[in-house]
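Visitor: got a predicted model here, sequence first, then my questions.
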Amino acid sequence: MGTYNLPRSVKGEGRILFIFTGKSMLYTVIAGAVGLLFYFIFSLLDLTVVGIVLTVIFALIGFIIGTLKMPNIGKFKFTQKTGGENLDDIIKRAIKFKTRGKKIYIYEEEKKNVK
């Protein structure tokens, strides 16, 4: 009898420490480093607990930005246009929009009715 390879789902095998993808780990580390700056400032003032809490909050915000996608909510015009996109891509596009004089060019294809 021959040996056959069965196809299997390998979607989750690219993750670091089970919950982190490479991108979410990078965003978590960068935001945690920003939180560490606050930790050192508050530790000089003998408020180390506040510094630790801020570090965890910043790391959590970085994880959220690197992991989650914008939900598609029909009531809001903003979420209809950005629904399903990664939060970091939306933030990058907003920063580019602000720095380029609030001009953006989007090319959309026209929908044709096919019968």
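Guide: Great, that's in hand. Numbering: from 1, shown residues only.
Visitor: okay, buried residues for the lengthiest helix in the chain please.
Guide: Counting by DSSP state H, the longest helix found in the chain is helix 22-44. Residues of helix 22-44 classed as buried by neighbour count (16 or more other CB atoms under 10 Å): 24, 25, 27, 28, 31, 32, 35, 36, 38, 39, 42. Where you see a C-beta, it was placed from the backbone N, CA and C, and this is true even at glycine.
Visitor: next up, the contacts around the fifth one.
Guide: Residues counted as contacts of residue 31 (CB atoms under 8 Å, 6 or more residues apart in numbering) are 58, 59, 61, 62, 63, 65.
Visitor: which one of those residues is nearest residue 47?
Guide: Nearest to residue 47 among the contacts of residue 31, counting by CB to CB, is residue 58 at 15.8 Å.
Visitor: helix or strand for the closest one, just tell me which one.
Guide: Assessed by DSSP states H and E, residue 58 sits inside helix 48-67.
Visitor: and that helix, what other elements does it pack with?
Guide: Packing partners of helix 48-67 (3 or more CB pairs under 8 Å, 6 or more residues apart in numbering; DSSP states H and E): helix 22-44, helix 87-99.
Visitor: buried set for the shortest one?
Guide: Translated: helix 87-99. 87, 88, 90.
Visitor: surely the first one meets residue 69?
Guide: Yes - A contact is recorded between residue 87 and residue 69 when judged using CB atoms under 8 Å, the distance being 6.9 Å.
Visitor: under the pLDDT cut-off, which ranges of the protein? List them.
Guide: Low-confidence segments of the chain (pLDDT under 70): 1, 6, 8-18, 103-115.
Visitor: before we move on, the earlier item: tabulate the helices and strands packed on helix 48-67 (JSON lines), appending distance to residue 7.
Guide: Listed next are the helices and strands packed on helix 48-67 as JSON lines, based on distance: least, CB to CB, whole Å:
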{"stretch": "helix 22-44", "distance to residue 7": "24"}
{"stretch": "helix 87-99", "distance to residue 7": "30"}
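Visitor: on that earlier part again, among the buried residues of helix 87-99, which one sits closest to residue 53?
Guide: For the buried residues of helix 87-99, the nearest to residue 53 is residue 87 (22.7 Å; CB to CB).
Visitor: contact partners for the closest one?
Guide: 64, 65, 66, 68, 69, 70.
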